[in-house]
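K.L.:
Here is a sequence together with a model predicted from it:
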Amino acid sequence: MKRFLIPLGIFIVLVGFLAVGLRLDPREVPSPLIGKPAPDFSLALLSDPGKQLSPADLRGKVWLFNVWASWCASCRQEHEVLLELSRQGIVPIYGMDYKDQPAAAQSVLTRFGNPYVETVVDLDGRAGINYGVYGVPETYLIDKNGIIRYKHTGPVSPGVLSSKILPLVKELQK
Amino acid sequence: MRPWMIMLALWLPLTAMANEAKPVAADPVLEQRMIGLSENLRCLVCQNESLAGSRAELAQDLRQEIREQMSAGKSDKEVVDYLTQRYGDFVLYKPPVKPITWLLWFGPFALLIGAAGSLYAYIKRRGNRLADESLSKEEKKRVEALLANNGNEL
Amino acid sequence: MIPELGHMALILALLLAFIQGILPLVGAARNNQVLVSVAKPAARAQFIFVAIAFGCLAYSFLTNDFSVLNVTRNSHSRLPEIYRFTATWGSHEGSMLLWTLILGLWTLAVTVFSRHLPDDMVARVVSVMGLVSFGFLLFMLATSNPFLRMPMAMDGSDLNPLLQDPGMVVHPPILYMGYVGFSVAFAFAIAALLSGKLDASWARWSRPWTTAAWSFLTVGIMMGSWWAYYELGWGGWWFWDPVENASLMPWLVGTALIHSLAVTEKRGSFKAWTVFLAIGAFSLSLLGTFLVRSGVLSSVHAFATDPTRGLFILIFLLVVIGGSLLLFAFRASQVGLGGRFALVSRESFLMVNNILLLTATGAVLLGTLYPLFLDALGLGKISVGPPYFNTVFVPLVAPLIFLSGIGPLARWKQVNVPELAARLKWGFGASVLVALLLPFTLGEWKPTVSLGYLLSLWIVVTVAIGVRARMRTGAGWSANFYGMNLAHLGVAVTVIGVTMVSAYQTERNVRMEVGDTVTVKDYSFRFEGVKDVNGPNYSGSRGTLEVSRNGKPVATLHPEKRIYAASGMPFTESAIDYGLTRDLYTALGESLDGGAWSVRVFHKPFVVWIWMGAVLMALGGLLAITDRRYRASRKKERAGA
């Protein structure tokens, strides 16, 4: 009888979804800001607390926005990758030190190298909330018009860099 | 009685009275509202906890943000919109009713209607005629008696 | 040495499970008595070896053998002995071993309590269970070996503080007794499909096993809820967390199954339904095992594990459930139809019962997996939480509870509707009236409260009507009948608990200095300060709250804030004054300036009724199992055979 096959049919479909689900991360939060203007901020620089930076200053450039902190262990993982990228000079990297002690952040950059053109300081995490930051490190790719085009959550690996970020950078820089 | 004795007599009982503890929140009514809203929001850094109860730092920051927005007069909807603009629908424990969630919201009800309908049709098809036309009157009485006795036997 | 022994025992168990799973099935199909008789000895031997393996792992934990990876990851030398023992099942690997042990235990029970069953039926049942055992043992040996060694560590990483609790001693074993117990009903169903024999006596055989598993699962879920209540958060008792849902779904289907079995036994109807539900209940147990360990869902309860293991379990699911459903598709039409029944009859009430329970299960499954569906299709990420489940589940379950009052009073085959309505109208009217008026006496009227009262009162009234009617006929004791009514009363008790605590809970979150009081309802809580405290593997602060009511002392409560030495994890231990009509729930918040602390105090009315009701349900089930018919049949069978 055909109707007795229905449970089996539903089950096979279910297994299909579960199989796909094995490759997904249930805790990853995709960003609703893709394709939207980068939220505005006006934050002090780590290098010179008297000066400020905001995304408007960077109009006309394609740039990477990397949210990090000295207390974040996974940020160290991507540090080398970012340093290498900054040496290649393909795209400027701006950092945001999230909910951190400026002194601690500065010592990290001094010890391990500074891949950032500039780093802004977000002491209370407000700017981070505006960018939908939930777990550092997070990296945003912003185009010449100040629109967020891509977001990566977690440490940037060479693989992600070469397959996702750099091709998009090249396209946006045309 | 000397004035100072009167003062002492009045003051002593006051010290014996325990102080009624004050709420932790500066504005308890606002706090209630904030907690009520946060209970239906997801803590983004936790393993499935609500924003209301989580002790994670981001959760504390977001609760503070909600408090401030509510103090500034924002409505619940505006606060929720603020969060979904930044974190997407993932932050809502109550999924919004959109075409992609119609199956979720209306599925169970549709399933119930469908199943009830099939059941009705099925029973009707099987027929609800009892085969008791062939029993005599006495037999019918015996059947009734038996059914009455064992009618609530499971 | 001991861990290697355990490992060897698992390998031997695997081989025995293979024999147990294949030979008797072949024997039953080919009428080969020699192969059929392999079933019981193979099953018993397999159990012994799994038990040896379990013993070896427990021994390693109790003796602090930090050369075993599992022990190092989940234990600590200063962990109290009882928790070192429970840490045996505190990890993914250990809990898999517990699962397999309990499966072996149920199989052993089947081999012992089945003298009245035909040999080929027992052989098939034991074989099917053996195949499941084989799958789990293979899974353990291939991906989740609890006996892996490592270079001897100085000490372990400690058991998660949340698990260092008496709840850990009872909740997992009892829960697993339930989950795994449905494998018996499953095996009976498969045996019936394979043999083509599905009649009332089959139903009578499988009922006690199914009801027993259901009772265990009821208690297991209840314990999980109670444990979460006093351990996590602020005294919530159900969070619609994916792992909780994974235990609720088999329970819902299991409930449908025990009712469906009753119809099959009594009237020979619902055979295909019963077989389907038996496959469904165990399938949901297995699905739950997958969901909790594969990493596809995010949950506080989930084991930290990897997708490779998830893939293995998924393939196992495909084979077991897919195979069973395929067998069902081909053989279900041959099991035959039962007696006729009218549109309004006890059968149709139970059919509606099946449909409502299955729809509720479907809703829970849909809600739990929907985020995964959308994500897999690239349609974005959403969360489905309590607001969804409460909105959808309650309207499905409310009519179900209402009908459970009428069902037992309905006649088989055909209900005389006017007569039934006449019997029930006064009870219904009284219930509605009390339900509408009672909330006013408690302060606030809320429609949900009246609904809750209506449902519970209705059950009490209909149980009373049914019991009185039975006593009038002088029919005597029936464990089955009284067990059913007890279980239904349990539902009423739980509904009252849920209704009261949801509607009338009061909370205060206050800043307290020594001597301050906070008043909730007519209870006064006076803060007497906080002292430093040291436990076997933790240190922390212990608060004292003196509770009084109308000047008379009620209790002294000591909520604590602890830091566990090994992990450095901070932890809040609530202090509760339990009571039949209310719980007083207290917890320390943060240390504030000036020696003050933030303290949370709750008045939770009737909350224990939630769990008391569940216990009554389980007792009702266990009472029903003692019914004479399950024992009398044995003698009849022997006489007849």
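P.N.:
Thanks, I have the structure now. Being a predicted model, the structure only gives us computed values, none of them experimental.
K.L.:
Which stretches in chain A count as helices?
P.N.:
When secondary structure is read from DSSP state H, chain A shows helices at A:6-21, A:73-88, A:102-112, A:126-130, A:158-160, A:166-172.
K.L.:
List just the one of these that sits closest to B:Asp27.
P.N.:
Proximity of these to B:Asp27 was assessed by CB to CB; the nearest stretch is helix A:126-130, lying at 20.9 Å. The C-beta positions use only the backbone N, C-alpha and C, and glycine is treated the same way.
K.L.:
Buried residues in that closest one, which are they?
P.N.:
A:127-130 (16 or more other CB atoms under 10 Å in any protein chain shown).
K.L.:
so where's the chain uncertain?
P.N.:
You didn't say which chain, so I picked chain A. Applying pLDDT under 70 to chain A flags the ranges A:1.
K.L.:
Actually, chain B is the one I wanted.
P.N.:
Residues of chain B that meet the criterion pLDDT under 70 lie in B:1, B:6-18, B:127-137, B:149-154.
K.L.:
Please repeat the previous calculation with a cut-off of 80.
P.N.:
B:1-19, B:124-154 (pLDDT under 80).
K.L.:
ok, and does the lengthiest helix in it reach over to chain A?
P.N.:
Residue-count comparison of every helix in chain B, with assignments taken from DSSP H, identifies helix B:102-126 as the longest. No. Counting by CB under 8 Å from any CB of the partner chain, no contacts exist between helix B:102-126 and chain A, the nearest distance being 9.6 Å.
K.L.:
Which strands or helices does that helix pack on?
P.N.:
Applying 3 or more CB pairs under 8 Å, 6 or more residues apart in numbering or on different chains; DSSP states H and E, one finds that helix B:102-126 makes contact with helix C:346-376, helix C:386-406.
K.L.:
out of those helices, deepest packed?
P.N.:
Each of these was assessed for mean neighbour count using mean count of other CB atoms under 10 Å in any protein chain shown. The highest is helix C:346-376, with a mean of 23.
K.L.:
quick check: mean pLDDT across that helix?
P.N.:
For helix C:346-376, mean pLDDT rounds to 95.
K.L.:
Please state the offset of it from the chain centre?
P.N.:
The chain centroid and the centroid of helix C:346-376 are separated by 17 Å, computed with CA atoms, centre = their mean, to the nearest Å.
K.L.:
Likewise for stretch C:164-171?
P.N.:
The mean C-alpha position of stretch C:164-171 is separated from the chain mean by 15 Å, CA atoms, centre = their mean.
K.L.:
With stretch C:468-475 instead?
P.N.:
Counting by CA atoms, centre = their mean, stretch C:468-475 comes out at 34 Å from the chain centroid.
K.L.:
and stretch C:326-346 with chain B, contact?
P.N.:
Yes. Using CB under 8 Å from any CB as the criterion, contacts between stretch C:326-346 and chain B involve C:340-343.
K.L.:
Highest neighbour count among these?
P.N.:
Top of these by neighbour number is C:Phe341, holding 27 neighbours under the definition other CB atoms under 10 Å in any protein chain shown.
K.L.:
Can you tell me, leaving aside adjacent residues, what's nearest to that residue?
P.N.:
Taking CB to CB, 6 or more residues apart in numbering or on different chains, and ignoring the residues beside it in sequence, C:Phe341 has C:Glu347 as its nearest neighbour in space, at 3.8 Å.
K.L.:
In contact with the one you found, which residues are there?
P.N.:
With contacts defined as CB atoms under 8 Å, 6 or more residues apart in numbering or on different chains, C:Glu347 is in contact with C:263, C:267, C:269-270, C:341, C:412-413.
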